[in-house]
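In: 3D model of this:
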Amino acid sequence: LPDAYERFKQWYQRRVRGSHSTMTPFIPSTLSCSIMDGVDKPQVVSIVVLGASGDLAKKKTFPALYALFCRELLSPNTIVYGYSRSHLTREQFHEQVTKYFKGDNATKEKFFSMCHYFAGGYDSAKDFERLNQELSELEKKSCSESSNRIFYLAIPPSVFVDAARAIKESGCSKNGWNRIIVEKPFGHDYDSAVQLSKELSPLFPEQDLYRIDHYLGKEMVQNLMVLRFANAFLEPIWSRHHIANVMISFKEDIGTEGRGGYFDQTGIVRDVMQNHLIQIMALVAMEPPVTLQAEDVRDEKVKLLRAVPPIEVRDIVIGQYDRSEDGKKKSYIEDDEKIPKDSITPTFATAIAFVRNDRWSDVPFILKCGKALNERKAEIRIQFRKPLHHLFNDNELTPNELVIRVQPNEAVYMKMLQKKPGLTSEMVQSELDLTYKSRFNEALNLPDAYERLILDVIRGDHNLFVRNDELEAAWKIFTKPLQTLEKERIKPILYPFGSRGPRQSDELLQRYGFVRSENYVWPGKL
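Out: So this is what the prediction gives:
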């Protein structure tokens with residue numbers, strides 16, 4: 001039995017440290033807590049998902065936990081609890097949770113054996129006390145000396161504080177750490193974000209709060225740090241002296257897809273631009289951190305965001321999707337019965353931001369996002385200045401571009417000019433192409449962003465999570481223009497479903513020097 005436990009211990013340590021060992025632990029059923037006395041027992045982690053019957057939990061959180069289980073990155077001591085106000089039987093919960101899982105039924109059942117369900121109010125200390133009693137009984141069976149808990153708040157922002165207060169009062173572990181994962185949106189504007197932080201901070205210290213922005217868990221966003229700081233040739237040209245503009249874009253080819261009621265209260269700027277795009281911008285533009293430790297990285301992101309003044313309304317174009325040109329796709333107003341008929345909520349936005357520092361002075365950062373567009377794509381596009389010499393006709397020269405394609409078809413490629421082969425001096429655009437699926441076998445099985453982020457919470461790594469001062473700095477950039485747009489009830493420009501968006505967006509980009517390649521098509525897109 002001691003040998004069996006030692007094998008278990010070695011396997012568990014390899015799992016937590018990220019090893020790819022395939023060794024399977026053998027744990028005899030007769031192994032008891034008393035036999036394990038005197039040895040270093042693995043800790044138990046209980047993960048409680050609030051809002052377990054909601055779309056986010058069913059489509060993202062539970063599939064991510066299941067994927068971590070399949071990759072052998074969850075300890076066998078892990079306990080998973082679904083918590084919501086809905087009164088579900090275990091069978092109903094099973095059906096809801098496993099619907100979005102991939103793989104064979106045997107593996108699904110093994111994972112589900114770790115799962116439990118509890119119906120209760122989000123603001124009820126009494127319900128969390130009952131949950132605490134259930135968890136404590138299960139945790140005792142693990143023979144662990146400490147019991148750690150993660151509470152994932154996949155619930156509406158309006159009940160964040162009430163839920164956190166009830167958890168703090170009755171749901172926390174008394175002999176281990178307790179961590180809270182908070183989903184966006186983190187407030188509606190600067191003032192509400194500050195108020196939310198003030199109410200949460202007395203309940204849980206910053207080190208126990210994990211504000212999740214799933215775009216920070218994307219593989220190509222992760223690659224930014226390595227791309228920028230591990231390649232010597234990039235740093236000398238990573239500034240206003242060589243870069244003309246930076247575009248960070250997020251495009252969806254679908255409408256609100258049943259989220260119309262929520263989206264109409266939020267809009268595309270709050271839903272995508274103020275969080276996903278501004279976080280990517282911070283990683284693209286920040287100075288090198290002292291170390292790769294979480295606080296050092298986040299310090300540099302905060303410095304960068306504080307150097308960005310509020311965006312001017314004159315530098316924003318907003319739009320709202322109309323029916324498609326063939327009439328088959330509905331307009332935003334028609335897409336969901338919960339959307340008011342006179343709604344002026346934007347589903348598209350282009351904004352120009354600037355950074356007031358020596359590296360980026362006068363370089364426009366173009367933030368562009370929208371729904372119901374002509375394609376699904378998220379990418380970072382660094383457009384360089386044209387050469388200053390006059391060896392070639394200026395009309396023949398197109399800017400070099402470094403493109404980091406976040407999704408789909410993850411890739412990094414550099415657009416460049418070269419001579420067309422043959423008896424000609426004509427120049428053509430080509431590329432140095434690193435398409436992940438062609439270069440890396442691992443790219444075929446990239447982890448979902450939520451997998452990476454949940455694993456980091458288990459490990460206590462804050463690197464990919466938004467700090468309080470970082471959140472406030474981001475809201476300062478957008479609160480003033482949002483208030484102006486809403487106070488003056490500026491109507492968004494209509495654009496057809498399936499188009500590239502409003503024509504005025506292209507005009508804004510052109511005004512700030514962005515050059516669009518009309519005839520170039522990236523091969524990875526074909």
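In: His94 and Phe112 touch, don't they?
Out: Yes: between His94 and Phe112 there is a contact at 5.9 Å, judged by C-beta atoms under 8 Å. All C-beta atoms are positioned from the backbone trio N, CA, C, and that covers glycine.
In: outside of stretch 310-319, which residues touch it?
Out: Contact with stretch 310-319 is made by 268-269, 346-353, 370, 476-481, 484-485, 490, 492-495, 501-502, 504-505, 508, as judged by C-beta atoms under 8 Å, 6 or more residues apart in numbering.
In: Strands of the stretch 101-250 of the chain, residue ranges please.
Out: 115-119, 147-153, 178-183, 209-212, 243-251 (DSSP state E, counting those that start in this stretch).
In: So for Glu134, what's the nearest residue that isn't a sequence neighbour?
Out: Closest residue in space to Glu134, ignoring its immediate chain neighbours: Phe118 at 6.8 Å, by C-beta to C-beta, 6 or more residues apart in numbering.
In: From Val412, how far off is the one you found?
Out: 45 Å (C-beta to C-beta, to the nearest Å).
In: give the contact list for the most centrally placed residue in the chain.
Out: By C-alpha atoms, centre = their mean, the chain has its centre lying nearest to His214, at 1.6 Å. His214 makes contacts with 60, 449-450, 453, as judged by C-beta under 8 Å, 6+ apart.
In: could you redo the last one with a cut-off of 7 Å?
Out: Residues in contact with His214, defined by C-beta atoms under 7 Å, 6 or more residues apart in numbering, are 449-450, 453.
In: Let me have those residues in TSV, extended by neighbour count and secondary structure.
Out: Converted to TSV, the contacts of His214 look like this (neighbours: other C-beta atoms under 10 Å; DSSP: H, G, I helix; E, B strand; the rest coil):
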residue	neighbour count	secondary structure
Ala449	22	helix
Tyr450	22	helix
Leu453	21	helix
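In: Kindly indicate which of those residues lies nearest Lys328.
Out: Ala449 (31.9 Å; C-beta to C-beta).
In: thinking the closest one is in contact with Gly217, fair?
Out: Yes: judged on C-beta atoms under 7 Å, Ala449 makes contact with Gly217 at a distance of 3.2 Å.
In: returning to that earlier point: turn the strands of the stretch 101-250 of the chain into a markdown table, columns for mean neighbour count, distance to Leu131 and mean pLDDT.
Out: Converted to a markdown table, these look like this (neighbours: other C-beta atoms under 10 Å; distance: least, C-beta to C-beta, whole Å; pLDDT from 0 to 100):
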| stretch | mean neighbour count | distance to Leu131 | mean pLDDT |
| --- | --- | --- | --- |
| strand 115-119 | 20 | 5 | 92 |
| strand 147-153 | 23 | 10 | 93 |
| strand 178-183 | 21 | 13 | 93 |
| strand 209-212 | 23 | 20 | 92 |
| strand 243-251 | 21 | 37 | 96 |
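In: Quick one: closest of those to Lys329.
Out: strand 243-251 (15.5 Å).
In: Give me the contact list for that closest one.
Out: Outside strand 243-251, the residues touching it (C-beta under 7 Å, 6+ apart) are 272, 276-277, 280-281, 284, 363-370, 373, 375-385, 399, 512-514.
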